[in-house]
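Novice: give me coordinates for this.
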Amino acid sequence: MTSTSTSTTTTTMEAVVQRRYGSADTLDIERIAVPSIGADQVLIEVVAAGLDRGVSHLMSGTPYLVRLAGFGVFAPKNPVIGMDVAGRVVAVGTSVDEFDIGDEVMGIAAGSFAEYAVADAAKVVHKPVELTFEQAAVSTISGITALQALTKVGGVEAGQRVMVIGASGGVGSFAVQIARALGASVTGVASTSKLDVVRSLGADDVVDYTTTDVTDLDERFDLIIDTGGRAPLRKLRRVLTERGTYVIVGAETGGRFTGGVGRNLRAVALSVFVRQRLTFFISSESRTFIDPLVELLASGDVVPAIGRRATFAETADAIRAIESGRGWGKTVITVRPS
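Specialist: Presented below is the predicted three-dimensional model:
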């Protein structure tokens, strides 16, 4: 390990490992070497890690475009899954000044479903004392995605009307709360069994998509955040204001090769010919968004929605639950007692 200091002499660790792309059946708990850190990195003793549908996509290697994005063409480049992390710093790279041994941190790591994980110092922040490790572990990736969708891309303003499609999910649960914190009126769309969850997040109104077609609503929205990507664009435009903005955050349709990319590109192409703005984005893993997210978390304006808690041994079952649509909010994997 390249470090200015370290508080551990441990050389091996337990981790949830995947040697080939596939379903949750490809996961095993193995004892492997503790990873080394670079000059701009820290080693984190993981207390908890966050799980959402994005982990499932990386695990399966679908859509196939994710493999070409640097995650490994034929097999996962990093066999340890997981990115959301919270824990304590146990080693610090030679170029890192902002963290010390023992600091409690949260952020994005490479392989967080393990006893130790490496993270770029630029993608980690100090954990607010107001947050538990579990809350911190499920917040960063979904939280900054929701924040970017609303602010950088959606340009939300106080007093606007915002619809969040997929409001009970990882990104959606953060989007509802952040939009409310920024002064917007929020309508959350979810299935029947999850409407109470969406209400508890602070949504002003809820819509059950199993009984109501959101495109038939009388209300018009200034901003729609869509984390599901199922409704046709031509129909969603009906519930946008004349100059409203529609932001595609994710999609669970579109095939194994490109996923929702085709739909995303069609939205951008159509946007050229209409007054409404139809777009998508790729989330930026930057402190530019992690820092304001942490402020919202520390203030209590945003409270992470933890739908399930699981142990290492229960990771595969937790992933299956998310894939089946049974889960809500974020799932937290508890690695060690806090």
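
Novice: show me what stretch 28-40 is in contact with.
Specialist: Stretch 28-40 is touched from outside by 1-3, 8, 10-19, 43, 80, 91-96, 110-111, 114-118, 120-122, 312-313, with contacts defined as Cβ atoms under 8 Å, 6 or more residues apart in numbering. Glycine gets a C-beta too; all of them are placed from N, C-alpha and C.

Novice: let's see it at 6 Å
Specialist: With Cβ atoms under 6 Å, 6 or more residues apart in numbering as the contact definition, stretch 28-40 has outside contacts at 1-2, 10-17, 43, 91, 93-95, 116, 118, 121, 312.

Novice: among the residues you listed, name the buried ones.
Specialist: Buried residues within those, defined by neighbour count using 16 or more other Cβ atoms under 10 Å: 1, 13, 15-17, 43, 91, 93, 116, 118, 121, 312.

Novice: next SSE downstream of the helix or strand containing V89?
Specialist: Applying DSSP states H and E as the criterion places V89 in strand 84-92. Of the helices and strands lying after strand 84-92 in sequence (DSSP H and E), the nearest is strand 104-108.

Novice: for that following strand, which strands pair with it and how are they oriented?
Specialist: Paired neighbours of strand 104-108 in the sheet (DSSP bridges): strand 84-92 (antiparallel), strand 124-126 (antiparallel).

Novice: so what touches the first one?
Specialist: The contact list for strand 84-92 (Cβ under 6 Å, 6+ apart) reads 1, 3-8, 37, 42-50, 99, 101, 103-106, 109, 112, 117, 133, 136-137, 140-141.

Novice: out of those, which sit inside helices?
Specialist: The helices in this structure, assigned by DSSP state H, contain 133, 136-137, 140-141 from the contacts of strand 84-92.

Novice: out of the residues you listed, which is nearest to V303?
Specialist: Closest to V303 out of those is A136 (11.9 Å), distances taken as Cβ to Cβ.

Novice: near the closest one, how many other residues are there?
Specialist: When neighbours are defined as other Cβ atoms under 10 Å, A136 has 28 of them.

Novice: that one is in contact with V125, isn't it?
Specialist: No - taking Cβ atoms under 6 Å as the contact criterion, A136 and V125 are not neighbours in contact, 9.4 Å apart.

Novice: in this protein, what spans have low per-residue confidence?
Specialist: For the chain, residues meeting the criterion pLDDT under 70 lie at 1-4, 62-75, 229, 250-265.

Novice: tell me the centre residue of it?
Specialist: Centrality entry for the chain: nearest residue to the mean C-alpha point is S142, 2.5 Å, by Cα atoms, centre = their mean.

Novice: now for T8, how many residues are close by?
Specialist: By other Cβ under 10 Å, 15 other residues sit near T8.

Novice: for it, give me the backbone phi and psi.
Specialist: In this entry, T8 is assigned phi and psi values of phi -130, psi 140 (degrees, to the nearest 10).

Novice: how far off centre is the longest strand seen in the chain?
Specialist: Ranked by residue count, the top strand of the chain under DSSP state E comes out as strand 41-51. Taking Cα atoms, centre = their mean, to the nearest Å, one finds the center of strand 41-51 at 15 Å from the center of the full chain.

Novice: who's V206 bridged to?
Specialist: G188.

Novice: wait, isn't it in contact with G188?
Specialist: Yes - between V206 and G188 there is a contact at 5.1 Å, judged by Cβ under 6 Å.

Novice: higher neighbour count, those two?
Specialist: Each of V206 and G188 has its neighbours counted (other Cβ under 10 Å); G188 has more, 28 against 21.

Novice: mind listing what the closest residue to A231 other than its chain neighbours touches?
Specialist: What sits nearest to A231 in space, not counting adjacent residues and going by Cβ to Cβ, 6 or more residues apart in numbering, is T215, at 6.4 Å. Residues touching T215, when contacts are defined by Cβ under 6 Å, 6+ apart, comprise 235-236, 238-239.

Novice: no more questions from me, cheers.
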